[in-house]
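A.B. asks: this is a predicted model, with the sequence first.
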Amino acid sequence: MKDNPSEFIEKYLEGTLEIEAFKASLDVLESKSNPLRFSFFSLGIRELVNHIVDRLAPNEKVVQCSWWDNKNGTRTTSRRTERMQYAIRGGLSDEFVSDDLEVDLELITNRTQQAVDELSNYVHYTESTFNVDHTTGNKLVADTLSAVHRFFETIEELKGTVSEALEESLSKAISSATIEDVLVDIDILSTHYFVEGSDVHEIIVRSIDHEHIDVQVIGSVDIEHQYGSDGDYARGDGVKFEDSYPFVINLQLDVEEPLEVNIETDDIIVDTDRFYDKSEEEEDDRVDHDMEEEEDDRVDRDMEQEEDDWADRDMEEDDREDPDPDPDPDPDPDPDPDPDPDQYF
């Protein structure tokens, strides 16, 4: 076995009572001098299994299933094999399981009976469990835990078979269901929107009881957003763009009509975080772009200033290397003017 029987059984335990009961059933084996230790172990395991089965398949729910036979009112209590079947398929009818899901009901019946019979061989007090030797007792413990392991493994495996078949059938019904109501989470994002399509990625059957099937649908919806009226868009003043959003749909289906799927707007939870994240990202990009432009302008100004400074320095150096010549000397003085002839008279 891939799993240790004890570890596998622990996966099925819920609540303090079941955990402590299993621990006590194992602890009693440490009383080496007690000839009843293996008997007490078997008794503890039997009561633990009964408690878990009651939790997985309460009698009051089993007897309300359409497939349960009360023998014309002579029965009021379900057998362990019937409780196993309830844990496997809930209230799904024989016809639906065999015809629609194409799951072999006879296989389920035979395997549940085999698991119950095997378990019964180990969890009842008999002479085979009283004052046995160490080797025999250890084998009894190992066989008992293995039988319990197979008992729950059978439930888990067959329940998985039914759930997978149901999920496949539901996929067709859910994919064909149309979303006609207003998606409030989408409606608030733009002036108008149009649902262009949707995809179902995963369908999970969470539980099946005597009345309902709880199903979770995970998918995405493709939306065309429009800002402004059609007239605005025609004039070039409006905007259209497409986006896709993940959604989750939680459905509660009638166990009598499990493929009758009707999706209401309140069932749909659309995750629009990416819309706001994208808006914030675009705003951040715009701010970054503005900062980059401002930085580029600053760099350009610095470069221009630096070029001007270099030009000024070059001119100063040129002035130092080739200074202006001395100014021209004064021209020769004018020759004496003609003597005034009158000065001689």
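C.D. replies: In hand now; what should we look at?
A.B. asks: what mean pLDDT does stretch 298-318 get?
C.D. replies: The pLDDT scores in stretch 298-318 average 71.
A.B. asks: ditto for stretch 60-75
C.D. replies: Averaging pLDDT along stretch 60-75 gives 94.
A.B. asks: in that stretch, which residues are buried?
C.D. replies: Neighbour-count burial for stretch 60-75, counted by 16 or more other CB atoms under 10 Å, picks out 61-63, 65, 67-68. Where C-beta positions appear, they are placed from N, C-alpha and C, glycine not excepted.
A.B. asks: also stretch 147-157?
C.D. replies: If you call a residue buried by 16+ other CB under 10 Å, then stretch 147-157 has these buried ones: 147-155.
A.B. asks: now, the residues you listed that are in strands?
C.D. replies: Taking DSSP state E, every one of these sits outside strands.
A.B. asks: and which of those is nearest to residue 105?
C.D. replies: Distances from residue 105 to the buried residues of stretch 147-157, taken as CB to CB, are shortest for residue 154 (14.6 Å).
A.B. asks: who are the contact partners of the closest one?
C.D. replies: For residue 154, the contact set (CB atoms under 8 Å, 6 or more residues apart in numbering) comprises 84, 111-112, 114-115.
A.B. asks: among those, which one has the most neighbours?
C.D. replies: Taking other CB atoms under 10 Å as the neighbour criterion, residue 84 ranks highest of these with 27 neighbours.
A.B. asks: pretty sure that one is touching residue 116, no?
C.D. replies: Yes: counting by CB atoms under 8 Å, a contact exists between residue 84 and residue 116, whose distance comes to 6.9 Å.
A.B. asks: make TSV from the buried residues of stretch 147-157 and add distance to residue 163 and pLDDT to it.
C.D. replies: Formatted as TSV, the entries for the buried residues of stretch 147-157 read as follows, by distance: CB to CB, whole Å; pLDDT from 0 to 100:
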residue	distance to residue 163	pLDDT
147	24	92
148	22	94
149	21	93
150	20	93
151	19	94
152	16	93
153	15	93
154	15	94
155	12	94
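A.B. asks: for these, which one is nearest residue 93?
C.D. replies: Of the buried residues of stretch 147-157, the one sitting nearest to residue 93 (CB to CB) turns out to be residue 155, at 19.3 Å.
A.B. asks: list the contacts for the closest one?
C.D. replies: Residue 155 makes contact with 56, 84, 87-88, 112, 115, according to CB under 8 Å, 6+ apart.
A.B. asks: now for the buried residues of stretch 60-75: which two are most distant?
C.D. replies: Of all pairs drawn from those, the greatest distance, 12.5 Å, lies between 61 and 67 (CB to CB).
A.B. asks: still on that earlier bit, from the buried residues of stretch 60-75, pick the one nearest residue 94.
C.D. replies: residue 67 (5.1 Å).
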